[in-house]
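A.B. asks: take a look and give me a structure for this.
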Amino acid sequence: MIAGIDFEDVNSDGYTDMVVNTGGTMNETHDLYIWDNSSKMLTKAIYDGFDMLSYFEVHDGYLMNWVKASANGGVIQKLVWNGNTLTKVSEESYGTGD
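C.D. replies: So this is what the prediction gives:
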């Protein structure tokens, strides 16, 4: 089931990509489809080193991804682009305290 579709340049290459919200409970999850200008098609991004793209911000060449582990915390991941592959390069825990 698809919860929604948005369009934005998620890999900062100047082309509009597709963000598919696939739903979720504690974490909304997303699939990314990156525009490949040579083939004139969208290709699904490959996730390397992490399980889900949840709440994320787009930066020049990378994404910051927040994944909840509980109501009180989770992890923040830095994900970098290499072609259509998004690779986790760092991760740190966050918490709101008990």
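A.B. asks: so what's the spatially most central residue of the chain up against?
C.D. replies: When Cα atoms, centre = their mean is applied to the chain, the residue found nearest the centroid is Leu53 (3.9 Å). By Cβ atoms under 8 Å, 6 or more residues apart in numbering, the contact list for Leu53 reads 29-32, 47, 63, 65, 79, 86. The way it works is simple: take the backbone N, C-alpha and C, and place the C-beta from them, glycine included.
A.B. asks: same check on Gly4?
C.D. replies: With Cβ under 8 Å, 6+ apart, Gly4 has these contacts: 20-21.
A.B. asks: swap the cut-off to 7 Å and go again
C.D. replies: Neighbouring residues of Gly4 by Cβ atoms under 7 Å, 6 or more residues apart in numbering: Asn21.
A.B. asks: just the pLDDT at it, thanks.
C.D. replies: Gly4 is assigned 91 on the pLDDT scale.
A.B. asks: pull out the buried positions in stretch 63-70.
C.D. replies: 63, 65, 67-68 (16 or more other Cβ atoms under 10 Å).
A.B. asks: same thing with stretch 17-36?
C.D. replies: 17-20, 27-35.
A.B. asks: so of these, which ones are in strands?
C.D. replies: The strands, defined by DSSP state E, take in 17-20, 29-35 from the buried residues of stretch 17-36.
A.B. asks: of the buried residues of stretch 63-70, closest to Lys40?
C.D. replies: Leu63 (24.3 Å; Cβ to Cβ).
A.B. asks: name the SS class of that closest one, please.
C.D. replies: Put simply, Leu63 is strand when judged by DSSP: H, G, I helix; E, B strand; the rest coil.
A.B. asks: right, and it touches Phe50 too?
C.D. replies: No. With contact defined as Cβ atoms under 7 Å, Leu63 does not reach Phe50; the gap is 10.4 Å.
A.B. asks: what residues are shared contacts of these two?
C.D. replies: Counting by Cβ under 7 Å, 6+ apart, the shared contacts of Leu63 and Phe50 are Leu79.
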